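A.B. asks: here you go, sequence then predicted model.
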Amino acid sequence: MIYQKFYSELGKFLYAICKADGKLQEKEIRTIERLVHHEISRHKHFHEKPEYKDIILTGLSFSTALREHITFRKSQESFKLFLQQYGNHISSSMKESALALIRKTARASNGIGQEERKLIIEINDLMM
């Protein structure tokens, strides 16, 4: 259950990263789709490993946030709160994968901007 929530919250946070500069770009959306697919294929037999089998929820959660137009604040605060409460239950490899997804998403359109950098630093601090 905790892994499901982690990946679901990560999807919302990726939405916040895309919205950080005020404008959601098609390139960012495609990058997230590609990166989630890559993460799934990178972990052989991912569906058998509890810590990775729910990674598909990242893409689904991002798509839901996109469709429902959730607020920037809600999408980022939700992941921060989750990490404050349950971050010590998440493996370092899951955290590293999540941070890589976050950074790559932020770089997808015109590099990492000031607001994106601020969010990345905050999340990095919460994950360490």
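C.D. replies: Structure received.
A.B. asks: state the pLDDT value of Ser97.
C.D. replies: If you check Ser97, the pLDDT there is 88.
A.B. asks: just for this structure, where's the confidence low?
C.D. replies: Applying pLDDT under 70 to the chain picks out residues 43-53.
A.B. asks: where along it do the helices fall?
C.D. replies: 2-19, 26-42, 56-68, 72-86, 92-107, 114-127 (DSSP state H).
A.B. asks: and the longest one, what does it pack against?
C.D. replies: Applying 3 or more Cβ pairs under 8 Å, 6 or more residues apart in numbering; DSSP states H and E, we find helix 2-19 packed against helix 26-42, helix 56-68, helix 72-86, helix 92-107, helix 114-127. Where you see a C-beta, it was placed from the backbone N, CA and C, and this is true even at glycine.
A.B. asks: quick one on the thing from earlier: would CSV of the helices of the chain with mean neighbour count be doable?
C.D. replies: Output for the helices of the chain, formatted as CSV (neighbours: other Cβ atoms under 10 Å):
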stretch, mean neighbour count
helix 2-19, 24
helix 26-42, 16
helix 56-68, 18
helix 72-86, 16
helix 92-107, 18
helix 114-127, 15
